[in-house]
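Undergrad: let me see the structure of the following:
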Amino acid sequence: MVAKDPAKDLGCEVPTLVSTGGAFPRNPHTLAIRWTGYSNFELAYGGQILLLDAYFDRGSMFAPLGFKAADVKKASAILIGHGHFDHMSDAASVAARTGAVVVGAPLTTAKLQTQNLDAKQIRTVTGKGGEVLKFGKFEVEPILGRHGQPPANVTSAFNQALRSAATPLTPEQTAEEAVIRSRGTSDPRIVAEGTITYLITLDDGFRIMYRDSGGAITEFEKAAMQRVGRVDIALAAVAADFLPSLTVPQALEYLRLYKPDVYLPAHYDAPLNGLWRTTEPIFQAMKDENPNLITYSKQYREPVCFDTQKAKR
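TA: Okay, here's the model as predicted:
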């Protein structure tokens, strides 16, 4: 057995979610961010936990995240970007266990209302202005975004090629996937009405922009950024366009609007077809435009910590 180093801050060293029993960072002004696949993140700060999206039990055809939805025992709130199953399938069960409030667009919360969750724990937002939520030291402003719309000719070609080489799902896996999918919605209105971007501001002014789908910037996002100027961290999805010639321009749009010091990609690990979305061309293009930008691509649950008091203003 290796003794723990008392000089190390376990909240910033150990790949264990705080929501599943891991340690908070020692310093109350240290923010710990852990990525848990797709567009899921855990933000631990000031003794509180904010979960971004909730898609943990993904099925036996996926690489394990290192924990299950049932292991999540603590959370103050869950922010759902949109209601597709791969963003909200475990939101109701985690909220019921932790008492967390779940925030989402009307299409998202309508689905939650069918899943045996106390109505007091469901918060519907439109993202069209005038909605500021407080969860302890987290201030959350929902902003109407737009879901990604990858060109069909590109995605269909990739998916056809992948299907021809992939191992077909077993009947058990097909049934498993159907159950998971049933906990989300495929309503086409998600594109224009059901995708929420979240501007998260900590009590010391440190800002995070969270976007769980790689769609085009909206006028609502432009208005919010004109008001606040910039963010410290952008947690933004890689567009589902596969080709760097398409994903890079979308990422640069986020860089130019959000003006972050740090960028962490979201929604880039492999879905059922096994194809990861490429991040390195995005990182390079972003750094060509802003050489001072810091990018991180972490393993599941691997922490990255920020001293929020030392952030540039």
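Undergrad: now the helices for the stretch 101-250 of the chain?
TA: In the stretch 101-250 of the chain, the helices defined using DSSP state H, counting those that start in this stretch lie at 106-112, 152-165, 171-181, 190-193, 219-228, 244-258.
Undergrad: looking at those, which is nearest to residue 44?
TA: Proximity to residue 44, assessed across the helices of the stretch 101-250 of the chain by C-beta to C-beta, is greatest for helix 244-258 (22.0 Å). No exception for glycine: its C-beta is placed from N, CA and C like everyone else's.
Undergrad: run through who's touching the closest one.
TA: Helix 244-258 is contacted from outside by 148, 150-151, 154, 209, 211, 214-217, 221-222, 225, 230-231, 234, 236, 238-239, 241, 263, 277-278, 281-282, 285-286, 289-290, 293, using C-beta atoms under 8 Å, 6 or more residues apart in numbering.
Undergrad: ok, of these, which come out buried?
TA: With neighbours counted by 16 or more other C-beta atoms under 10 Å, the contacts of helix 244-258 contain buried members at 148, 150, 209, 211, 214-215, 217, 221, 225, 231, 234, 236, 238-239, 241, 263, 277-278, 282, 285-286, 293.
Undergrad: give me the element the residue nearest the centre of the chain is part of.
TA: For the chain, the residue nearest the mean C-alpha position is residue 39 (3.2 Å; C-alpha atoms, centre = their mean). Here residue 39 sits in a region with no helix or strand, counting by DSSP states H and E.
Undergrad: and it, how far from residue 132?
TA: As for residue 39, its distance to residue 132 is 22 Å (criterion: C-beta to C-beta, to the nearest Å).
Undergrad: now what about the helix or strand bottoming out on mean pLDDT in the chain, what contacts it?
TA: Least confident helix or strand, the chain: helix 152-165 with a mean of 84, by mean pLDDT, DSSP states H and E. Helix 152-165 is touched from outside by 240, 241, 242, 243, 246, 273, 274, 275, with contacts defined as C-beta under 8 Å, 6+ apart.
Undergrad: can you give me the end-to-end span of stretch 228-237?
TA: Distance between the two ends of stretch 228-237: 21 Å, counting by C-alpha to C-alpha, to the nearest Å.
Undergrad: any low-confidence regions in the chain?
TA: 1-7, 311-313 (pLDDT under 70).
Undergrad: mind listing the strands for it?
TA: 30-35, 41-45, 48-52, 77-79, 101-104, 122-124, 133-135, 138-144, 196-202, 207-211, 233-237, 262-266, 294-295, 303-307 (DSSP state E).
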